[in-house]
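A.B. asks: Sequence plus the predicted model coming up.
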Amino acid sequence: EIMPSLVGSEMCIRDRKKPMRLLTAALALTMLSGCGAARTNTENTATETSVNQAMLLEKSGQPQSQDYTFPEEFTGDWTAQEGRLTIHADAEVVADLGTVLPTATVTPREFTQEDVDKLFSVLLKNNPLYGYVLTKQECQEHIDYTKSDQWRSETDGPTRTPEQVEQRRQELIDYYTELMASAPEEKPIIHGFADSGEPDEISGTATVDEKEYEVSIQNDVGSSWTVAVIQRHEYKYRSGEEDWGEISKEDAVALGNALIEELGLDNMVLDGVEPDNQGGIKGTWQLYYVPSVNGIPIPSIREENVRTGSEKFGGSGTEYQYWTYSASEESNADTVSWQMEHVSMVVGKEGLLSFGWYSPSSEPIVQETQTALMPFDEIAAIADTMLPVVVIGPSEAKSLAEIDKINGVKSYMDVDITKVSLSLMRVRDKGSLQGTIVPVWYFWGTYDWYEQEEYDTQPYMKKGESLTTAPMLTLNAVDGNVVSRELGY
């Protein structure tokens, strides 16, 4: 395990009245314990999980002695990994959601038949969903085509002799002949999991307003595949050259909000509206909805990458992605995966193009309406120590030295912490499907990861070429423990 070398650490906290300078020695790495203890505990049991959750809930319910206050700024400078990693902070401190924040518990759940009925009613407009099953007529059509002179063996397969081609033709004829014996006269209509042929999966196609939509609904709690996806066929298999027409941002939001309301997803709130960046599609919008507690959203983590203009790297532009805690450690991997519940949809001038509902969860049970928050000077002291420990490179998994050993180059990383914000996040213990929604402090930063000029292996690895903005450190605002933004624990 590679630990960063802490060269120096100095932090300033300023408010309107007076500056206060804190010189912090290294805190014990117990800041990685608590909910984060599961990060290194491969024998995490249900009892240990419930104890961790209970301790966190107990601490969140302690009385707040006075109105919570925090300074206007968080500043500091850190150097690690023999000077190759530098961190500078000149950040505003904000609490856009306020300082009276709830604590709640939540668990994942499966899609129910009621969910399926709603999706079919609202998104498919009660048009029938037909399963992916060949009818007798379709089997016969395949047989007739395979027997015809128009049939050709797989063009991208290995070269075959004439004898092998005829053998392949006969194999296909035999396959469809056998399939036809049990094939239905008409395609089956699927109403739910009970008649889908698979107990935990629904799939098929439906025609809505003369447009074909593909449907896939899966139940697999504890993995990344509890998801309901409904996509227009042409959009799913788009080339990027299609013209979907343009819709205004306001009209896109109105359409998305109306669908959320019709689906009865009352606790889902709009968290982000972006031009759809999948395949360079213009005029369409991606809408991102997240759960809320007492009307307060549990925001997603929006990571943004800005390219500054090199033609070798495709010119200037901005790309983004939303983190939903679905990753798992490369080593000592988690036994379960639990994304944060969210709904993502793409809308255009012709209406809904794509809809995805991921990891449905139970209704949050509020444990505290006003969570007791750790004093900010203590949060700042923890951040002062943990920033150069947690920020080790462009990912949480490997340090710069480890990445460079793989790539055979020498790289550097400059981090600029620009904002510290109080928010809500769902945390859990490793291996657990019991979640706790708690306030957290996000230390947002922009990093520039680049190589020495003599390497020049990739144009985007030049200094200043590619800048990424994301939370660089996340601290539980109740107990100060470090939480991984990728893992959710």
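C.D. replies: Yes, it's here.

A.B. asks: which residues touch the nearest residue to residue 185 once chain neighbours are set aside?
C.D. replies: Leaving aside its chain neighbours, residue 185 sits nearest to residue 136 (5.8 Å; criterion: CB to CB, 6 or more residues apart in numbering). Bear in mind the C-beta positions are built from the backbone N, C-alpha and C, glycine included. Each residue near residue 136 by CB atoms under 8 Å, 6 or more residues apart in numbering is listed here: 180, 183, 184, 185.

A.B. asks: what about the nearest residue to the third one once chain neighbours are set aside, neighbour count?
C.D. replies: The spatially closest residue to residue 184, leaving aside those adjacent along the chain, is residue 135, at 5.8 Å (CB to CB, 6+ apart). Burial of residue 135 is recorded as 16 neighbouring residues (other CB atoms under 10 Å).

A.B. asks: cool, residue 77 as well?
C.D. replies: Residues near residue 77, counting by other CB under 10 Å, number 15.

A.B. asks: That one contacts residue 85, doesn't it?
C.D. replies: No - Residue 77 is beyond contact range of residue 85, at 11.9 Å (criterion: CB atoms under 8 Å).

A.B. asks: Generate a PyMOL selection restricted to the buried entries among the contacts of residue 136.
C.D. replies: Listed next is the PyMOL selection for buried residues among the contacts of residue 136, using 16 or more other CB atoms under 10 Å:
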select buried, resi 180+183
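
A.B. asks: Show the model's pLDDT score for residue 406.
C.D. replies: Predicted confidence (pLDDT) for residue 406: 83.

A.B. asks: For it, which non-adjacent residue is closest in space?
C.D. replies: Spatially, and ignoring its direct neighbours in sequence, residue 406 is nearest to residue 398 (7.9 Å; CB to CB, 6+ apart).

A.B. asks: what about residue 125, distance to residue 257?
C.D. replies: 18 Å (CB to CB, to the nearest Å).

A.B. asks: An error on my part: the question was meant for residue 427.
C.D. replies: Distance, residue 427 to residue 257, by CB to CB: 29 Å.

A.B. asks: quick one: which of those two has more around it?
C.D. replies: residue 427 (25 against 15).

A.B. asks: how close does the more buried one sit to residue 345?
C.D. replies: Distance, residue 427 to residue 345, by CB to CB: 27 Å.

A.B. asks: do residue 452 as well
C.D. replies: Per CB to CB, residue 452 is found 44 Å from residue 345.

A.B. asks: repeat for residue 284
C.D. replies: For residue 284, the distance to residue 345 equals 10 Å [CB to CB].

A.B. asks: now do residue 303
C.D. replies: To residue 345, residue 303 is 20 Å away according to CB to CB.

A.B. asks: Which of the two has more residues huddled nearby?
C.D. replies: Taking other CB under 10 Å, residue 303 and residue 345 do not tie; residue 345 has more neighbours (23 against 15).

A.B. asks: Quick check: closest non-adjacent residue to the more buried one.
C.D. replies: Nearest to residue 345 is residue 355, by CB to CB, 6+ apart, at 4.7 Å.

A.B. asks: Buried ones in the host helix or strand of that neighbour, by neighbour count?
C.D. replies: Following DSSP states H and E, one finds residue 355 within strand 351-358. Neighbour-count burial for strand 351-358, with 16+ other CB under 10 Å as criterion, is recorded at 352, 353, 354, 355, 357, 358.

A.B. asks: Show me the helices in the stretch 201-350 of the chain, by range?
C.D. replies: Ranges of helices within the stretch 201-350 of the chain are 233-236, 249-262, based on DSSP state H, counting those that start in this stretch.
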